[in-house]
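Asker: missing the sequence, but the structure's below:
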């Protein structure tokens, strides 16, 4: 086999390639792992006694608007698109499209494998399609060898060798308003890795000035090695030392559980650690071996992302006054002069909440010393204005 070009490994070379892009490095790390997962699909696995574990990932990049999330994810998807025979479903994927495509693939003797890429999670989970797609993605996360689906017309579709990877982006505000507590406790979001960041580490005004011949060569090296990684097949082996350390950690893993919104995530972390370890091993070499160093790195990456994962769900609650609190605060803070009228807030959120809910949201923000409420007279009419306090810090 042709030797690899990326040194010391594929992920670190990817970070070198993206060092002049403004998104936080943690975004690029997880995008890189998602791209490897999409390239390898079901070609490698770990035997887990009663089932096989494949290294597919559901990854969501979370950050404020204008945080170059989509730009960062586009870089990875562009490299993935250089591989032949990658089924990439972009934008608004529907459950009906997936069911139809998987049915045709199985009938043709093709594995039901694909990558769903959505630069905006809200376009992936549109209102018309959301319930069915959430159910389907939740059900197929484990990459079953065979799965039967009964259609509304009384027919049956049989899917063979399923493997789905998901890479999407979202703002915290949409995750708050677009995700229900049922979806969290029902297990859908527990299958995702939510990579949250709200502070930038780079300020590169003209990244095009850094697109040198060296950087372009790095991109070609990444594509070259990703094609080699895609050719690997087989079962992963975990060394005795790594296994011993994993057993010790597994016995104490419940000590890490805290935020109830992440209970679904932590309940699956045992397998997730091994998924990430497989991907890191693939990034390093062709050995299909997980040793203690790979295992330690997997734990380190997951621990870092877990530290802020709960922040992505800060507004995901049942009470609408709590659910939309962060969104309203954001709208006021981003308005000209950091002030906005009550009527403007109600018009902007016409389909989300009414004046009674807004009054509760405002009362909460005033009590937190985040905003002031003032009145302005315009002839016979009086406007209520919400204004960010000068000393407010998030």
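Answerer: Cool, got the structure. Everything quoted here is computed from the prediction, not taken from an experiment.
Asker: quick check, residue 123 in a helix?
Answerer: Yes. Assessed with DSSP: H, G, I helix; E, B strand; the rest coil, residue 123 lies in a helix.
Asker: Just give me the neighbour total for it.
Answerer: Counted with other Cβ atoms under 10 Å, the neighbours of residue 123 add up to 14. In short, each C-beta sits where N, CA and C put it, glycine included.
Asker: How about residue 12?
Answerer: For residue 12, the count of nearby residues is 15 (other Cβ under 10 Å).
Asker: SS state for it?
Answerer: Going by three-state DSSP: residue 12 is helix.
Asker: can you pull the contacts of it?
Answerer: When contacts are counted by Cβ atoms under 8 Å, 6 or more residues apart in numbering, residue 12 touches residue 6.
Asker: domain assignment for this protein?
Answerer: Split into domains by automatic domain parsing, the chain comes to 10-313, 320-388.
Asker: Tabulate those domains (TSV), appending mean pLDDT.
Answerer: As requested, the domains of the chain are exported to TSV (pLDDT from 0 to 100):
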stretch	mean pLDDT
domain 10-313	89
domain 320-388	87
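Asker: Most tightly packed of those domains?
Answerer: Greatest average neighbour count among those goes to domain 10-313 (a mean of 18), per mean count of other Cβ atoms under 10 Å.
Asker: Bridge partners for the residue most central in space within the chain, pull those for me.
Answerer: Computing the C-alpha centroid of the chain and ranking residues by Cα atoms, centre = their mean puts residue 60 first, at 1.0 Å. Residue 60 has these beta-bridge partners by DSSP bridges: residue 168, residue 194.
Asker: Just confirm it contacts residue 188, I think it does.
Answerer: No. Assessed by Cβ atoms under 8 Å, residue 60 is found out of contact with residue 188, at 11.2 Å.
Asker: Residue 2 - that's part of a strand, no?
Answerer: No. Secondary structure of residue 2 (three-state DSSP): coil, not part of a strand.
Asker: Tell me the secondary structure of residue 89, please.
Answerer: Residue 89 ends up strand, using three-state DSSP.
Asker: Would you map the helices across the stretch 101-250 of the chain?
Answerer: Secondary structure of the stretch 101-250 of the chain (DSSP state H, counting those that start in this stretch): helices at 121-124, 130-140, 172-178, 181-185, 213-230, 240-252.
Asker: Tell me the gap between the fifth one and the middle of its chain.
Answerer: For helix 213-230, the separation from the chain centroid amounts to 24 Å (computed by Cα atoms, centre = their mean, to the nearest Å).
Asker: Not counting it itself, show me its contacts.
Answerer: Residues contacting helix 213-230 (Cβ under 8 Å, 6+ apart): 1-2, 4-6, 10, 13-14, 16-17, 20, 35-36, 39-40, 43, 79-80, 82-83, 282-283, 286.
Asker: quick one: which of those sit in helices?
Answerer: 10, 13-14, 16-17, 35-36, 39-40, 79-80, 282-283 (DSSP state H).
Asker: Farthest-apart pair in the residues you listed, please.
Answerer: 16 and 40 (21.5 Å; Cβ to Cβ).
Asker: what's in contact with stretch 116-129?
Answerer: Identification of contacts with stretch 116-129 by Cβ under 8 Å, 6+ apart yields 60, 69-70, 73-74, 77, 88-96, 133-134, 137, 164-170, 174-175, 178.
Asker: One more pass at 6 Å, please.
Answerer: 70, 77, 88-94, 166-170, 174, 178 (Cβ atoms under 6 Å, 6 or more residues apart in numbering).
Asker: Also stretch 155-172?
Answerer: Outside stretch 155-172, the residues that reach it (Cβ under 6 Å, 6+ apart) are 34, 37-38, 41-42, 54, 56-62, 65, 69-70, 73, 102-103, 106, 111-119, 121, 124, 140, 143-144, 146-150, 312.
Asker: hang on, the earlier thing: I'd assumed residue 191 was in contact with the residue nearest to the centre of the chain.
Answerer: No. Between residue 60 and residue 191 no contact is recorded; they are 10.4 Å apart, counting by Cβ atoms under 6 Å.
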